[in-house]
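Chemist: Sequence first, predicted coordinates after that:
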Amino acid sequence: MEGIVLRVRLISGDSMDVTYEERDASSEDEVIDHVVSTLAEDSGLLRCRHGDRLVVLYARGVAAVEVAPRGAVL
């Protein structure tokens with residue numbers, strides 16, 4: 001299971017760091033491709049973690065995504 005940290009900027013202007021894991025992925029590149037292809041769809045959604053909380057990201061609310069495999073870029 002590969003996991004990455006995403007810094008997500010929402011269309012409201014807010015941003016948050018979330019962790020996304022893909023069970024079937026064998027590399028970070030596959031995870032990134034899955035995230036990008038999912039958020040490119042109008043009805044796409046991703047289940048992520050923000051600390052101990054489950055967060056569902058809907059593609060229509062996401063303005064930009066930064067990928068940081070080793071943690072958020074601060």
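Modeler: Structure's in. What do you need?
Chemist: those helices in the chain, which residues are they?
Modeler: 28-40 (DSSP state H).
Chemist: where do the strands sit along it?
Modeler: 2-10, 15-22, 45-50, 53-58, 62-68 (DSSP state E).
Chemist: which helices and strands does the last one pack with?
Modeler: Using 3 or more Cβ pairs under 8 Å, 6 or more residues apart in numbering; DSSP states H and E as the contact definition, the elements that strand 62-68 packs against are strand 2-10, helix 28-40. Placement of C-beta: from N, CA and C, glycine included.
Chemist: That strand: partners in the sheet, and parallel or antiparallel?
Modeler: Strand pairing for strand 62-68, determined by DSSP bridges: strand 2-10 (antiparallel).
Chemist: Mean confidence (pLDDT) on the partner strand, please.
Modeler: Confidence over strand 2-10 (mean pLDDT, whole number) is 87.
Chemist: could you check the angle helix 28-40 makes with that strand?
Modeler: If you take axes from the mean of the first three to the mean of the last three Cα atoms, to 10 degrees, strand 2-10 sits at 30 degrees to helix 28-40.
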